[in-house]
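[1] Predicted structure and sequence below. I'll ask about it afterward.
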Amino acid sequence: MPLIKRSDLPALLDQKSPKLEFQVFLFFGERFLCKEAADLLQEKLLAGQPGAVHAIDGDREDPARTLSRLMSFSLLPGRQIYRVADTRIFHSKTVASEIWTKAVSAFQAGRPGPAGKYLQGLLQAVGMKVEERGTLAEIPPAEWRNIFDFDKPSEPLDWADKLLAEAEGTGPGTTAGVGERFIEALDKGIPPGNILLLTAETVDKRQRLFTYLKKKATVVDCSVAAGSGAASQVEQKEILKELIQKTLAGFQKKMEPQAVEMFFERVGFHPVSAVVETEKLALYAGDRPVITCADLEEMVARTREDALYELTDALGKRQIGRTLTLVSRLLEQGIHELAILATLRNFVRKMLIFRSLQKRPSPAWRSGMNAKDFQNSYLPALKAESEWSELLQGHPYALFMSFSKASEYSCAGLKRWLALLLDAEFRLKGSPLPSRLVLEELFLTMLKGAPKLSGKRESMVY
């Protein structure tokens, strides 16, 4: 059977469908949407009959044991649903780059727990144990490319090694060959009444087990278009509106259209946050049937990702007061100080690369270039050179704004900022000074002073 979209699942569950007679179900894509769809199916499968759900955490899953339980006859009455959340059996080297990106994003958002889980999934995807090759930081670039199938990041990897060390011994066992064992077992047949329900955020669609399940099981696509393009934004907004309406229906409330737009701008595409914030708004509204923009202004703060973006924006505009205020708020929200530095380093590095590209004789960047010329001429010429291609992705207008911002800096000034960030990182890791003091000193130096670095980069000289 071909895979189905998440939006088609409710209609499928309302009728007697051959697809519901399968004993294996896979939901892949956005994590919260997978969970929501799986909950809906689980409710349908257990409706009006006895049964039990055996929950299995994919982060600690032993796939061989799961398979053994699935193939065993149960003494319990009714359907026995073995539900594996965030399974990793569909990981492979092909999706290593995607998993790494999610780990970096989670760490920069101040969520070390999920970041560590992504890193464990990364190692499992390539069949590697850290102790076999030392720390990630020690792996040479050429060997990194061979292992993970993408270039080794230029940024320090101390944070990743630290998270992996903290999680040592808590991860799942290897999944080598487990796909073939699942296929062999499913071909023999699962005992009647046993059901396997899998959810996975990242899958390798070329994996043999995935293509097998598309033919022999029910596979539900819960993925959402990523990025900031128009089509992606439309899809993301529709899903958020659906979640808002469903949540508010339970409180017998609605949200005015202008408030929905403001909600999307503030929360972004974070389904879990969307549901939590909607419930909070519904409770705050009390007896009022309609939630207004004023309610959002009062109750819904911007997400951590937005706050980090605001920080780079304030830094770029050289707004000292706003910058220090945002740093204080980020620390109060529990975002790690090294995550703040990592975000700033990425911002400064991108500005330095864009400014360096602008200094090339061809294609020629000119002051005052408009967005149309940038999109039609300058950007295609840059992409044709096939250098820094990963930084030239995204919406052309967003890139134009970034290039315009980069033109305001000098390469020497941006290099000095990178040196200051490195010095601050040394202080945060090895100095008894409070992290807030180190960060405030860093930003004041970047925005006001003309700092010089000592030869050994051991201290800042004002």
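    It's in. Residues are numbered from 1 along each chain as shown.
[2] contacts, neighbours, all on C-alpha from now
    OK.
[3] gap between whatever helix or strand Asp39 lives in and the chain center?
    Secondary structure from DSSP states H and E places Asp39 in helix 31-46. Between the centre of helix 31-46 and the centre of its chain there are 22 Å (CA atoms, centre = their mean, to the nearest Å).
[4] Just the buried positions in that helix, please.
    For helix 31-46, the neighbour count (16 or more other CA atoms under 10 Å) marks Arg31, Leu33, Cys34, Lys35, Ala37, Ala38, Leu41, Leu45, Leu46 as buried.
[5] out of these, who's nearest Pro257?
    Comparing these against Pro257 with CA to CA places Leu33 closest, at 23.2 Å.
[6] ok, the closest one - contacts?
    By CA atoms under 8 Å, 6 or more residues apart in numbering, Leu33 lies in contact with Cys222, Pro271.
[7] What is the neighbour count of the closest residue to Leu76 other than its chain neighbours?
    The spatial neighbour of Leu76 that comes closest, neighbours along the chain excluded (CA to CA, 6 or more residues apart in numbering), is Gly51 at 7.7 Å. Neighbourhood size, Gly51 [other CA atoms under 10 Å]: 16.
[8] Return the backbone torsion pair for Gly51.
    phi 170, psi 180 (degrees, to the nearest 10).
[9] wait, what's in contact with it?
    Leu76, Pro77, Gly78, Arg79, Gln80, Ile81.
[10] And the contacts of the strand or helix carrying Arg345?
    If you go by DSSP H and E, Arg345 is part of helix 337-358. By CA under 8 Å, 6+ apart, the residues outside helix 337-358 that reach it are 107-110, 308, 312, 331, 364-365, 391, 402-403, 405-407, 409-411, 414-415, 417-418, 421, 425, 428, 435, 439.
[11] before we move on, back to that, just give me the closest of the buried residues of helix 31-46 to Glu138.
    Distance to Glu138, by CA to CA, is smallest for Arg31 among the buried residues of helix 31-46, at 32.2 Å.
[12] doesn't Glu201 make contact with the closest one?
    Yes - assessed by CA atoms under 8 Å, Arg31 is found in contact with Glu201 at 5.4 Å.
[13] returning to what we had before: what's the farthest-apart pair in the buried residues of helix 31-46?
    Using CA to CA, those reach their maximum pairwise distance at Arg31 and Leu46, which is 22.5 Å.
[14] Do a quick rundown of the strands in the stretch 351-462 of the chain.
    Secondary structure of the stretch 351-462 of the chain, counting by DSSP state E, counting those that start in this stretch: strands at 452-453, 460-461.
[15] List the single closest residue to Leu164 in space, sequence neighbours excluded.
    Using CA to CA, 6+ apart and skipping residues adjacent in sequence, the residue nearest Leu164 is Gly116, 6.1 Å away.
[16] ok, the residue of the chain most remote from its centre to Gly48 distance?
    Distance from the C-alpha centroid of the chain, by CA atoms, centre = their mean, peaks at Leu75 (40.9 Å). According to CA to CA, to the nearest Å, Leu75 stands 20 Å off from Gly48.
[17] What residues sit buried inside stretch 209-223?
    Residues of stretch 209-223 classed as buried by neighbour count (16+ other CA under 10 Å): 209-211, 213-214, 216-223.
[18] Would you report which members of these are assigned to helices?
    Taking DSSP state H, the ones among those that sit in helices are Leu209, Phe210, Thr211, Leu213, Lys214, Lys216.
[19] in what helix or strand does the residue nearest to Leu164 lie?
    Using DSSP H and E, the element containing Gly116 is helix 112-125.
[20] Mind giving me the packing neighbours of that helix?
    helix 96-108, helix 158-166 (3 or more CA pairs under 8 Å, 6 or more residues apart in numbering; DSSP states H and E).
[21] relative orientation of the next helix or strand along the chain from the last one and helix 208-216 in degrees?
    Read that as helix 158-166. From helix 158-166 onward toward the C-terminus, using DSSP H and E, the following helix or strand is helix 178-188. Angle between the axes of helix 178-188 and helix 208-216 is 30 degrees (criterion: axes from the mean of the first three to the mean of the last three CA atoms, to 10 degrees).
[22] can you give me the mean pLDDT across helix 178-188?
    Helix 178-188 shows a mean pLDDT of 85.
[23] Strands of the stretch 151-300 of the chain, start to end?
    According to DSSP E, counting those that start in this stretch, the stretch 151-300 of the chain carries its strands in the segments 194-200, 218-222, 254-255, 290-291.
[24] what's the third one packed up against?
    It stands for strand 254-255. strand 290-291.
[25] in the stretch 151-300 of the chain, what spans have low per-residue confidence?
    Low-confidence segments of the stretch 151-300 of the chain, defined by pLDDT under 70, span residues 167-177, 226-230.
[26] residues contacting the spatially closest residue to Val104 that is not a sequence neighbour?
    Spatial nearest neighbour of Val104, chain neighbours left out: Ala115 (6.8 Å); criterion: CA to CA, 6+ apart. The contact partners of Ala115, by CA under 8 Å, 6+ apart, come to Lys102, Ala103, Val104, Ser105, Ala106, Phe107, Leu163.
[27] List the residues that contact the fifth one.
    Looking back up the chat, that one is Ala106. If you count contacts by CA under 8 Å, 6+ apart, Ala106 has them with Pro112, Pro114, Ala115.
[28] one more time with 6 Å
    Neighbouring residues of Ala106 by CA atoms under 6 Å, 6 or more residues apart in numbering: Ala115.
[29] go on, the last one?
    Listed by CA under 6 Å, 6+ apart, the contact set of Leu163 reads Gly116.
[30] Let me see the mean pLDDT of stretch 419-426.
    Averaging pLDDT along stretch 419-426 gives 91.
[31] outside of it, which residues touch it?
    Outside stretch 419-426, not one residue touches it by CA under 6 Å, 6+ apart.
[32] Buried residues of it, list them for me.
    Buried residues in stretch 419-426, defined by neighbour count with 16+ other CA under 10 Å: Ala419, Leu420, Leu421, Leu422, Asp423, Ala424, Glu425.
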